[in-house]
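1. what's the 3D shape of this:
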Amino acid sequence: LFLFLSPAITMRLIAEERKSGTLESLMTLPVKEWEIVAGKFLAALGTVVICMIFTVPYAISLWSLTAPDATFDWGPVIGGYVGVLLMSSSFIAFGMWASAMNKNQIVGFIVGLAFCFALWIPDRVAIVLPESLAAVAQYLSVNYHFENISRGVIDTRDVFYYVTVTAIGLLATTRQLASVRQ
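-> Residues are numbered from 1 along each chain as shown. Coordinates of the predicted model:
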């Protein structure tokens, strides 16, 4: 779902501003490019968090349906929410980059979807690759890291991966805006 939702959220963030001409006035303000990118990123991430809040009743419903003599394991639930937040942050970062490269928001959506798909697919094709390449393909996939976190085990390697991928997307977006400013 977030493979499609994240590019849909980000497709207008910068592309619409370029198309309507408001990006030029935004760039003349005394703000740095990274501040613009950070503000738009946090706004998009906030939208995702609001979407995630609406799913909390499902977790509470599952907890309430647990047998009286059994315990409900909140680890996978919390891990799932953390994993979705980290995964969507990387999708948002690359969706913003796609939006910054285009004036048309539909093209920004399609390019953002292609970026997100490129981050998601490597572990799916790893089964046909030699073992050495399969391990690299698995590590490059957001899905592989999400599956680790969604089990309830938050490993620093997985968090580092998502932070790195998000930082690369935000850096690319910042550089794209810097080239627009010049």
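
2. Show me where the protein has its helices.
-> 2-10, 15-20, 22-28, 33-53, 56-64, 75-101, 105-120, 122-125, 131-140, 142-150, 156-181 (DSSP state H).

3. Quickly compare these and say which is most buried.
-> helix 75-101 (a mean of 23; mean count of other C-beta atoms under 10 Å). Heads up, the C-betas are built off the backbone N, CA and C, glycines and all.

4. Which neighbouring elements make contact with that one?
-> Judged by 3 or more C-beta pairs under 8 Å, 6 or more residues apart in numbering; DSSP states H and E, helix 75-101 is in contact with helix 2-10, helix 33-53, helix 105-120, helix 142-150, helix 156-181.

5. That one versus helix 33-53: what angle between them?
-> Relative orientation of helix 75-101 and helix 33-53, computed by axes from the mean of the first three to the mean of the last three C-alpha atoms, to 10 degrees: 140 degrees.

6. what sits up against the helix or strand of the chain with the lowest mean pLDDT?
-> Using mean pLDDT, DSSP states H and E, helix 22-28 stands out as the lowest-scoring helix or strand of the chain, at a mean of 82. Contacts to helix 22-28, defined as C-beta atoms under 8 Å, 6 or more residues apart in numbering, come from residues Ile14, Glu17, Glu33, Ile36, Leu177, Val180, Arg181.

7. any idea how far the second one lies from Asn104?
-> Taking C-beta to C-beta, to the nearest Å as the criterion, Glu17 is separated from Asn104 by 12 Å.

8. Please apply the same query to the third one.
-> The gap separating Glu33 from Asn104 is 21 Å, by C-beta to C-beta.

9. residue with max distance from the center of this protein?
-> Asp69 (38.6 Å; C-alpha atoms, centre = their mean).

10. And the pLDDT for that residue?
-> pLDDT for Asp69: 84.

11. swap in Leu29?
-> 85.

12. Around it, how many other residues sit close by?
-> A count of nearby residues for Leu29, using other C-beta atoms under 10 Å, gives 9.

13. where are the low-confidence patches of the chain?
-> 182 (pLDDT under 70).

14. just to revisit the earlier point, let me have the helices and strands packed on helix 75-101 in a markdown table, extended by distance to Gly75.
-> As requested, these are exported to a markdown table (distance: least, C-beta to C-beta, whole Å):
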| stretch | distance to Gly75 |
| --- | --- |
| helix 2-10 | 21 |
| helix 33-53 | 17 |
| helix 105-120 | 24 |
| helix 142-150 | 10 |
| helix 156-181 | 14 |
